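Undergrad: what follows is a predicted structure for the sequence shown.
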Amino acid sequence: MESVYTVEQVNKYIKNMFAQDFMLTNILVKGEVSNCKYHSSGHIYFSIKDKSGVLNCVMFRSARGGLAFEMEEGQNVIITGKIEVYEKTGAYQLYAKSIELEGSGALYQKYEALKKELQERGMFEEMYKRDIPKYATRIGICTAETGAAIQDIMRISSRRNPYVQLYLHPCQVQGKGAAESIVNGIHHFEQFVVDVIIVGRGGGSIEDLWAFNEEIVAQAIFDCSIPVISAVGHESDHTIADYVADVVASTPSAAAELAVFDYAEFQRTLESYKVSLQDKVLYKISDMRRSLREYEARLSAVSPSAQLTGKKQYLADVEDVLRRIINEKLTAHKHHLEILRLSDLVNEKLRDRKHTLEILSEKLNGLSPLMKISGGYAHISKDGESVMSVDDVKGGDNLSLIIRDGKIDAEVKGTEKGERYGKED
């Protein structure tokens, strides 16, 4: 009976056959990338194909140093690696050690490598970028003498500002020696002294634009003492020169728009500045005149003559106040003296009157019947009339005698004339 082998034995046998084949241990295979997947583990699983077949491939994370670009579907690549059998499935696959882009892809890989290197050297940093002069009048242009780029720049410049001077340094922009020609143009304009330099050309393939991806061109732009505008290709094209230049324009026409200032707009701006300046000057003059009047008023207020006038006025006011106070005081004093004088007069009059009253009082007391009566005399009356003479009564008349402590009724028994007492008034 013939020998029967297990699947494991067969797979191991085939694996050993592959391992013993020297060609399969270090092989270069080219093809189109398909079914590319970046695994979370860091491994890359993909296939390469051509018109007749497909080959499964894997690049382990440990080999990723041999990959200088991002793998994508449809890329044409050249893979260096070895072919082995995976025992579990019995399938063989290509284990990649390094992967390069084929043809233009290789140039792209070189482009990415230089881009990364220059970026790490800091040549793309914003801190090195310079502003384009707003009113450049001398513009240097590094491009082909007969290309569409110079025609576009001249057309835009003539439309925007016919007074700006354009200086062309004819450069080879494609093929062998193009990079050196562009560098010579940049150095020429540094000596010629222009305001800004435009470096560029029309669009093309990566091979056509490759001169602007050379390190010597990038270094010349970076070292240039004059601001540089990169205007290479169309909007979709990006070169190393774009990243190093101070300003990037999508096309040569766009570069002319950036470098050449619009003369009509410039005139309008000047006119607006003129009007604004006139307004500001008039306002400033008015403001200064107002300030001058204020300063004159302040100076007048603090001048010696004004101070003297003010002091005089103050003294006059004080004098008026003092005079008024003195007059008021004098008037009050006069009134007071008058009152005192009147008081003295009144007191004097009162004293005189009092004295007279005392005299009269004494006289009255002397004449008062009551005083007489109190001294032992009596007041005699007949029928309510005082009896002043013996002739006023006759015998038989009833008399009333008022004495100190009462009244006595008496009857006249008789009368007798005698010596007259007292004096007649």
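TA: Cool, the structure landed.

Undergrad: residues near the residue nearest to Val7 when sequence neighbours are not counted, how many?
TA: Excluding its sequence neighbours, the residue lying closest to Val7 (Cβ to Cβ, 6 or more residues apart in numbering) is Gly90, at 7.1 Å. For glycine as for every other residue, the C-beta is placed from the backbone atoms N, C-alpha and C. For Gly90, the count of nearby residues is 13 (other Cβ atoms under 10 Å).

Undergrad: for the remainder of this discussion, apply numbering that starts at 17.
TA: Let's use 17 as the start, then, which means that last one is Gly106.

Undergrad: pretty sure Gly106 is touching Val26, no?
TA: Yes: with contact defined as Cβ atoms under 8 Å, Gly106 counts as touching Val26 (7.4 Å).

Undergrad: any shared contact partners between these two?
TA: Here Gly106 and Val26 share no contacting residue, scored by Cβ atoms under 8 Å, 6 or more residues apart in numbering.

Undergrad: roughly how far out does the helix or strand hosting Ser321 sit from the chain middle?
TA: Per DSSP states H and E: Ser321 is located in helix 320-383. Distance, stretch centre to chain centre, for helix 320-383: 75 Å (Cα atoms, centre = their mean, to the nearest Å).

Undergrad: over to stretch 107-122?
TA: The answer for stretch 107-122 is 60 Å, by Cα atoms, centre = their mean.

Undergrad: list the buried residues for it?
TA: Of all the residues in stretch 107-122, those buried under the rule 16 or more other Cβ atoms under 10 Å are 108-117, 121.

Undergrad: same check on stretch 267-278?
TA: 267-277.

Undergrad: export those to a markdown table and tack on distance to Val199?
TA: What follows is the buried residues of stretch 267-278, written out as a markdown table (distance: Cβ to Cβ, whole Å):
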| residue | distance to Val199 |
| --- | --- |
| Thr267 | 22 |
| Pro268 | 19 |
| Ser269 | 24 |
| Ala270 | 23 |
| Ala271 | 19 |
| Ala272 | 22 |
| Glu273 | 26 |
| Leu274 | 22 |
| Ala275 | 20 |
| Val276 | 25 |
| Phe277 | 28 |
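
Undergrad: return the subset of these lying in helices.
TA: 268-275 (DSSP state H).

Undergrad: secondary structure and pLDDT for the buried residues of stretch 107-122 - can I get that in CSV?
TA: As requested, these are exported to CSV (DSSP: H, G, I helix; E, B strand; the rest coil; pLDDT from 0 to 100):
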residue, secondary structure, pLDDT
Tyr108, strand, 91
Gln109, strand, 92
Leu110, strand, 93
Tyr111, strand, 94
Ala112, strand, 94
Lys113, strand, 93
Ser114, strand, 91
Ile115, strand, 89
Glu116, strand, 85
Leu117, strand, 80
Gly121, helix, 61
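
Undergrad: could I get those as TSV with distance to Arg357?
TA: Shown next, in TSV, are the buried residues of stretch 107-122 (distance: Cβ to Cβ, whole Å):
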residue	distance to Arg357
Tyr108	153
Gln109	147
Leu110	147
Tyr111	145
Ala112	142
Lys113	143
Ser114	140
Ile115	139
Glu116	140
Leu117	137
Gly121	137
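
Undergrad: what about the residue most central in space within the chain, which helix or strand?
TA: Centroid-nearest residue in the chain: Lys296, 22.5 Å away (criterion: Cα atoms, centre = their mean). Assigned by DSSP H and E, Lys296 belongs to helix 279-318.

Undergrad: over to Ile418?
TA: strand 414-419.

Undergrad: check the offset of whichever helix or strand comes after that strand from the chain's centre.
TA: Toward the C-terminus, strand 414-419 is succeeded by strand 422-427 as the next helix or strand (DSSP H and E). Here strand 422-427 is found 128 Å from its chain centre; the criterion is Cα atoms, centre = their mean.

Undergrad: sheet partners, orientation included, of strand 422-427?
TA: strand 414-419 (antiparallel) (DSSP bridges).

Undergrad: next, the buried residues of the partner strand.
TA: 415-418.

Undergrad: how about stretch 212-228?
TA: Those would be 212-219, 222, 224-228, for stretch 212-228 by 16+ other Cβ under 10 Å.

Undergrad: and it, end to end?
TA: 18 Å (Cα to Cα, to the nearest Å).

Undergrad: pretty sure Phe228 is in a strand, no?
TA: No: assessed with DSSP: H, G, I helix; E, B strand; the rest coil, Phe228 is helix; it does not lie in a strand.

Undergrad: which residues touch it?
TA: Phe228 neighbours (Cβ under 8 Å, 6+ apart): 189, 198, 215-217, 246, 248, 255-258.

Undergrad: what does stretch 321-341 rub up against?
TA: Ser316.

Undergrad: using PDB, list the CA coordinates for it.
TA: As requested, the backbone C-alpha atoms of stretch 321-341 are provided in PDB (Å, rounded to 0.1, in the frame of the first residue of the first chain):
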ATOM      1  CA  SER A 321      -2.200 141.500  35.000                       C
ATOM      2  CA  ALA A 322      -5.200 139.100  35.300                       C
ATOM      3  CA  GLN A 323      -4.000 138.100  38.800                       C
ATOM      4  CA  LEU A 324      -3.600 141.700  39.700                       C
ATOM      5  CA  THR A 325      -7.100 142.600  38.400                       C
ATOM      6  CA  GLY A 326      -8.500 139.700  40.200                       C
ATOM      7  CA  LYS A 327      -6.800 140.700  43.400                       C
ATOM      8  CA  LYS A 328      -8.000 144.200  43.000                       C
ATOM      9  CA  GLN A 329     -11.500 143.100  42.400                       C
ATOM     10  CA  TYR A 330     -11.200 140.800  45.400                       C
ATOM     11  CA  LEU A 331     -10.000 143.700  47.600                       C
ATOM     12  CA  ALA A 332     -12.800 145.900  46.200                       C
ATOM     13  CA  ASP A 333     -15.300 143.200  47.100                       C
ATOM     14  CA  VAL A 334     -13.700 142.800  50.600                       C
ATOM     15  CA  GLU A 335     -13.700 146.600  51.000                       C
ATOM     16  CA  ASP A 336     -17.400 146.700  50.100                       C
ATOM     17  CA  VAL A 337     -18.100 144.000  52.600                       C
ATOM     18  CA  LEU A 338     -16.100 145.600  55.300                       C
ATOM     19  CA  ARG A 339     -17.700 149.000  54.600                       C
ATOM     20  CA  ARG A 340     -21.100 147.400  54.800                       C
ATOM     21  CA  ILE A 341     -20.300 145.600  58.000                       C
END
